[in-house]
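Novice: when you get a sec, could you give me coordinates for this:
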Amino acid sequence: MPNDPEGILYLYRLAVLIDYHDFANTFSSDIKQVKDFLLNLEVFLNEVYVRDIGVKFSIVADDRLIIQEATKQLYDQTSRRDIIEKFY
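Specialist: From the prediction side, this is the model:
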């Protein structure tokens, strides 16, 4: 339970987008690795936030948030690199 004297716990649904570049490179195009990552992310966030501030996260389990085809990619790697190089 949270440390709030009233014992209020706020629940937030968190949608995490996994773009194709990350799906292919970070997770080796393995849907199981992605789902394990999302599960671990939810556990980590709740370990940090539930007790101290009374916020609990629930990761949205929707395969449409995992872009598995290059043709459906939302962000291209070149634009990411350009953004980073512009500011650093």
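
Novice: other SSEs contacting the helix or strand encompassing residue 51?
Specialist: For residue 51, the enclosing helix or strand under DSSP states H and E is helix 31-53. Packed against helix 31-53 by the contact rule (3 or more Cβ pairs under 8 Å, 6 or more residues apart in numbering; DSSP states H and E) you find strand 55-59. (Glycine included, C-beta is placed from N, CA and C.)

Novice: number of residues surrounding the nearest residue to residue 69 once chain neighbours are set aside?
Specialist: Nearest residue to residue 69, sequence neighbours excluded (Cβ to Cβ, 6 or more residues apart in numbering): residue 20, at 6.5 Å. When counting by other Cβ atoms under 10 Å, one arrives at 20 neighbours for residue 20.

Novice: any idea of the pLDDT on residue 20?
Specialist: Listed pLDDT for residue 20 reads 91.

Novice: my guess is it contacts residue 65. True?
Specialist: No - using Cβ atoms under 8 Å, residue 20 is not in contact with residue 65; the gap is 12.0 Å.

Novice: now residue 52: how far from residue 9?
Specialist: 12 Å (Cβ to Cβ, to the nearest Å).

Novice: over to residue 48?
Specialist: Distance from residue 48 to residue 9, by Cβ to Cβ: 14 Å.

Novice: also residue 35?
Specialist: Here the criterion is Cβ to Cβ. By it, residue 35 lies 25 Å from residue 9.

Novice: ok, these two, which is more surrounded?
Specialist: Taking neighbours as other Cβ under 10 Å, residue 35 and residue 9 compare with residue 35 leading, 16 against 13.
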